[in-house]
Each structure stands twice: as structure tokens, then as C-alpha cells.
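Colleague: below are the sequence and a predicted model; questions follow.
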Amino acid sequence: MAERPSKGLADVVAASTALSDIDGRAGRLFYRGYDINQLAGSATFEETAYLLQRGSPPGRGELAGYRGEIAAGRALGKLVTASLPEIARSQEPMEAMRSLVSLASADDPDKDSNEPGPNRRKAARLTAQQPVLVAAYDAARQGRESSPADPESGVAANFLLQITGTPPSERETQILDACLVLHADHTMNASTFAARVCAATLSDMHSAVVAALGTLKGPLHGGANEQVMRGLEAVRNSGESDPVGAAGAQVEARLRQGEKIMGFGHRVYKTEDPRAAHLRQMSAELGGVSGDDTYFRMSRKMEEVVFAEKGLYPNVDFYAATVYHYLGIPTDLFTAVFSVSRMAGWTAHVMEQHADNRLIRPDSEYIGEHGLTWTPLDQR
Ligand code: ACO
């Protein structure tokens, strides 16, 4: 008899990868052997994406070439541009991202090939386009065009420019850049697994990324960052004179009713998620600079209560919420911002899967009935 499946495939090793590695007990994360504690703040998102997608850290010339590919890749295709107003009117942000990336394949000159060269070019173009798609969607739903991209700026500065309409400060750019580095890859998370399952059928990179986007959207995965901010906003807007105390009391009550608190817990980390430690510091800094750190203080209180009640740590989505808020990013775009970064990892995983492929087709445990006799409809 086959072994009982692990519910949610917990502890199942589903693929081999040289892209990222987690030490869940020590709370460490590595991209191609580099500790993210080294990368965050000293490697740019472009260097990180290059490392993941092309296998080694770029030299100066390679980085300049990659940045050139990113700048050129920002141009949106005809089908995307024509469909944007209607999509922005009728779809929520992550639905729109799923649609727009799918449409973008029509104008990608490499769409019909899974060979390494075309895949590398598509990976750079998808990484270049994702922030532009988010900003263009946001502008289109407000009936305007997003600010033109600045070819001299990197992904983080350009995204903040296009989304807020104002050139960001150097520190804001550094902080978003570090956020993008921290979210770029994370072993066999649900969206990456979805991308690899799709790629393993020898489907194309755009299709795999669409599968990943649909998977990231869920509140148990990337959708949690938006839910964290919605929770904070709801407590603050309820008119409580002490929003920090109210946030703590509300979390305590919800935990006692058996509810899950978004932004806490993790399948793999048994201690603090190392990304959350960086994001907490960024949130504290930006809250202080903004002159109103209430959301940060509310978050700290929630963290204390969840740890005291359940022994759970915040995950990457918890402090990312307030960081994005302080950077002026609209709340409903938070998960789409996650996709801007994770595009680097998804596309690298698709290439890794294509390079050494076997169809991913696990088995299932049948729990239905056996040996029933079918009665034709007119005799039932
Ligand atoms: N709040 C309260 N209790 C929790 C939480 C939480 N956030 N997370 C886990 N628990 C509890 C569960 O209720 C369960 O308790 P029980 O054993 O008494 O029933 C136990 O911890 C195990 O939880 P599972 O959901 O089985 O753990 P799993 O490994 O399947 O899920 C997950 C991990 C999905 C991240 C979970 O912790 C969760 O739902 N967190 C909230 C959503 C979230 O923040 N998602 C983002 C994750 S990071 C990312 O995807 C980018």
C-alpha cells in the first residue's frame, strides 16, 4: 500500500535547486550560496536578479549590459497597451497582473522558444516589465498615464517614480531595493512550485509565471501583506484613542477565537524569518521619518501578543506591509509589489527546470469508494 501523503506536502522535497536554500532552524536564507544578510543593503535588485537568472554575480560590464536589457525591456507590447484601460476598470490588481503577463507574451519575440538564450532574454524582459505593469495599471484605473520611465534609474527608483509620480529620495530607493532583494527567491514556496510544475510540461516561461501569479495572489501566500495592512487600517480607523493597545487586544481576542493572524507563521522557519528582521528595521526607520510611526508601534504590539499567545514569529509579509505603506504604495498593490521581486526567482526556476527537466506528476491517495455499480439515468 502506498504511503500516506503529507498534508500540504510538508517536508516533501519536490525538486533540486541551486537557486536558494533555507536553514529553517537557524533562520537563514541563501541565494546561490550568499546569505541574504550580506545581500540586503549591499547588492542591488538587478545584481540579485542577475545572480539568480544567470548563475553568478555580475561584473561591471555584465551588470551594465543587464541594466540595459532591463531599461529596454520596460516597453509594453501593443496588446498590453490596448487592453490596459479595460483590465484596469474590471480587474483587481493581482487578477490584472495575471491577465497582463499573459497578454505580454504575444509581443515577446522569444515566446516560442524554451532554449537557454531566449529564456534568459525573456527572464530579463519579464523582470523589467513587472514594475511597469503595476504602475501602468495603477495609473490606468485613475484614468491617467504613469510617469515615463527614467532609463538611468534602476528597478526600485523607477518603480517609486512611476507609482508616486515623484522622484524618490536615495534612502527610499535603497529601502525598496533591499525589499526587492529580500523577496526575490525562497526555495519551493507555493508560487515557485506552481511555476515549476507548469514549466515541467515544457510549457513556456510566460505560462509558468501566470501560474505563479495566480498562486501568489492567495492570502496564505503573497496576499497576506495586503491583509496585514487592511487589519492595521481597520483598527486605526475604528477611532480607538489607543490604537496600539487596541491592536494588541484585537489580536489576542482573534487568537482566542482560533483565527489566523495574517503575516505570522511559516511552513519552514522554526525561528524568526531573517527577512522579517530587516523589514522590521526598515519599518521603524520609515515610520520615524514619516513623523507618525503608529502603524509600526501597532505592528510591534501585535508581534509581542502573537509570540506570547502562540509562539509564532512574523513572516516576510508582516513588516513588508508597513514598509510599503510608508513608501506611499497603495495598499491593494502590495501583493503586486511582491510579484515585482519574485519575478526574478520564478524565471530563474523556470530556466533551472527546463535545463534538467522531467514532468512533475506526483501520485495521489484515493480516499473514495470502490466497486460501485453504475445505474443508467432512466433507471434511477
Ligand atoms: N495565526 C494563528 N495561528 C497560526 C498562524 C497564524 N498566522 N499560522 C499558523 N498557526 C497555527 C495554526 O492554527 C495551527 O495550529 P493548530 O496546530 O493548533 O491547528 C498551527 O499553527 C500550524 O498551522 P498551519 O496552517 O497548519 O501551518 P502551515 O505550515 O500549513 O501554514 C502558513 C503556514 C500558511 C504560512 C500559516 O502560518 C498561515 O496561514 N499564516 C498566515 C498567512 C500568512 O501570513 N501567509 C504568508 C506566508 S509567507 C509567504 O507566503 C510569502
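Modeller: All right, it came through fine.
Colleague: state the number of residues packed around Ala246.
Modeller: 17 (other C-beta atoms under 10 Å). In this view, the C-beta of every residue, glycine as well, is placed from N, C-alpha and C.
Colleague: with Lys260 instead?
Modeller: 15.
Colleague: so what's it up against?
Modeller: For Lys260, the contact set (C-beta atoms under 8 Å, 6 or more residues apart in numbering) is empty.
Colleague: what does the pLDDT read for it?
Modeller: Listed pLDDT for Lys260 reads 97.
Colleague: next: the one 4 residues further on.
Modeller: Looking at Phe264, its pLDDT is 98.
Colleague: that one: neighbour count?
Modeller: Phe264 has 23 neighbouring residues, counting by other C-beta under 10 Å.
Colleague: that one pairs with what?
Modeller: Pro314 (DSSP bridges).
Colleague: I'd say it and Pro314 touch.
Modeller: Yes - using C-beta atoms under 8 Å, Phe264 is in contact with Pro314, at 5.7 Å.
Colleague: overlap in contacts, these two.
Modeller: Common neighbours of Phe264 and Pro314 (C-beta under 8 Å, 6+ apart) are Val306.
Colleague: domain parsing for this structure?
Modeller: Under the assignment automatic domain parsing, the domains of the chain span 35-170+187-207+336-355, 224-326.
Colleague: and the last one, end to end?
Modeller: This stretch, domain 224-326, spans 17 Å end to end (C-alpha to C-alpha, to the nearest Å).
Colleague: hmm, that domain touching the ligand?
Modeller: Yes - applying C-beta under 6 Å from any ligand atom, one finds domain 224-326 touching the ligand at 224, 260-267, 310, 312, 315-317.
Colleague: ok, now which ones touch the closest residue to Pro93 other than its chain neighbours?
Modeller: Sequence neighbours aside, Ala336 is the residue nearest to Pro93 in space, at 4.8 Å (criterion: C-beta to C-beta, 6 or more residues apart in numbering). Each residue near Ala336 by C-beta under 8 Å, 6+ apart is listed here: Pro93, Met94, Met97, Val134, Tyr137.
Colleague: and the second one, how many neighbours does it have?
Modeller: As a burial measure, Met94 scores 23 neighbours (other C-beta under 10 Å).
Colleague: look up how far the ligand lies from the closest residue to it other than its chain neighbours.
Modeller: Counting by C-beta to C-beta, 6+ apart, Lys217 is the residue found nearest to Met94 once chain neighbours are left out, at 4.0 Å. For Lys217, the distance to the ligand (C-beta to the nearest ligand atom, to the nearest Å) stands at 11 Å.
Colleague: next up, phi/psi of Lys217, please.
Modeller: phi -60, psi -30 (degrees, to the nearest 10).
Colleague: tell me which parts of this structure are close to the ligand?
Modeller: Going by C-beta under 6 Å from any ligand atom, the residues of the chain near the ligand are 8, 189, 220-222, 224, 260-267, 310, 312, 315-317.
Colleague: residues in contact with the residue lying closest to Pro58 once chain neighbours are set aside?
Modeller: Nearest in space to Pro58, with sequence neighbours left out and distances taken as C-beta to C-beta, 6+ apart, is Tyr50 at 4.4 Å. For Tyr50, the contact set (C-beta under 8 Å, 6+ apart) comprises Pro57, Pro58, Glu62, Leu63, Tyr66.
Colleague: name the helix or strand for the fourth one, please.
Modeller: Translated: Leu63. Using DSSP states H and E, Leu63 maps to helix 60-73.
Colleague: shaky segments in the stretch 51-200 of the chain?
Modeller: For the stretch 51-200 of the chain, no stretch is flagged by pLDDT under 70.
Colleague: mind listing the helices for it?
Modeller: Applying DSSP state H, counting those that start in this stretch to the stretch 51-200 of the chain gives helices spanning 60-73, 78-90, 93-104, 116-141, 155-164, 170-182, 190-199.
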